[in-house]
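In: fold the following.
(one chain, ligands or ions: 1)
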Amino acid sequence: MTPAGHLSISYISGRFIKNISLPAIIIGGILPDIDFFFVGFDWFNQYHHVVTHNLLFIILTALFTSFHRSWIPGKRVAPALLLGSFLHLLVDSFMDNNPTNGIGIALLWPFYDGFFSPFNILSDAGNKTGWSDPVSMIKPMLLVMLYEVPLYATSMFLFLRKKRLTPTSRLS
Ligand SMILES: [Zn+2]
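Out: Numbers count the residues shown, from 1 in each chain. Here you go, the predicted structure:
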């Protein structure tokens, strides 16, 4: 799934779960893809869906957040961040079009290197290079974005509905 898809899932989840920090669930939802900062490096493809896509990483980031709650507004910041990150891992485990580094995510890394994927709804579409050649990933990622259109539409609908219902926007 693309970061935009994860963002949409986090936003939708955060809107439906009451008394939870919306910013935290959104940050948690995109946090595992923070490794994309290294996409230009040769080793990125080997470690994507590994180092930042496991239970240890999301638990440690939630623990870190619990000690720095004031950095993110809202209630139940650490659980919200953990939930957003967990949803990210779950979705990546069954939406992966890059077989060159394994299908799914290394859920139990660094204790176990195997990849977790209960099923996969995406095809590899002949993907032979993965993120070793980021340009070759553009077309497969555009296809993934087609799957994500309903998520974009739902999150945009919820965002616009909330904006319309807020008192300040009603006055304008
Ligand atoms: Zn991811």
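
In: look up phi and psi at residue 158.
Out: Reported as degrees, to the nearest 10, the phi and psi values for residue 158 are phi -60, psi -40.

In: now do the same for it: its pLDDT.
Out: Residue 158 is assigned 94 on the pLDDT scale.

In: now do the contacts for it.
Out: Residue 158 is in contact with 11, 12, 15, counting by Cβ atoms under 8 Å, 6 or more residues apart in numbering. Placement of C-beta: from N, CA and C, glycine included.

In: apply 6 Å and report the result again.
Out: By Cβ atoms under 6 Å, 6 or more residues apart in numbering, the contact set of residue 158 is residue 15.

In: quick check: residues of the chain near the ion?
Out: Residues of the chain lying close to the ion (Cβ under 5 Å from the ion) are 32, 33, 92.

In: let's see it at 8 Å
Out: Applying Cβ under 8 Å from the ion, one finds that the chain approaches the ion through 1, 3, 6, 32-33, 48-49, 52-53, 88-89, 91-92, 105.

In: quick check: PyMOL command selecting the buried ones in the residues you listed.
Out: Buried residues among the residues of the chain next to the ion (16 or more other Cβ atoms under 10 Å), as a PyMOL selection:
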select buried, resi 1+6+32+33+48+49+52+53+88+89+91+92+105
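
In: among the residues of the chain next to the ion, which one lies nearest to residue 130?
Out: Set against residue 130, the nearest of those by Cβ to Cβ is residue 48 (8.0 Å).

In: let me know the pLDDT of that closest one.
Out: 92.

In: residue 125 now?
Out: Reported pLDDT for residue 125: 66.

In: pull out the buried residues from the helix or strand containing residue 56.
Out: Secondary structure assignment for residue 56, by DSSP states H and E: helix 55-67. Across helix 55-67, burial judged by 16+ other Cβ under 10 Å covers 55, 57, 58, 61, 62, 65.

In: picking up where we left off before, for the residues of the chain next to the ion, which one is nearest residue 19?
Out: residue 88 (21.4 Å).

In: quick one: the helices in the protein?
Out: Listed in chain order, the helices of the chain (DSSP state H) span 3-16, 22-30, 44-47, 55-67, 77-94, 138-165, 167-171.

In: with distance to residue 100 added, can I get these in TSV?
Out: What follows is those, written out as TSV (distance: least, Cβ to Cβ, whole Å):
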stretch	distance to residue 100
helix 3-16	20
helix 22-30	23
helix 44-47	6
helix 55-67	21
helix 77-94	15
helix 138-165	11
helix 167-171	46
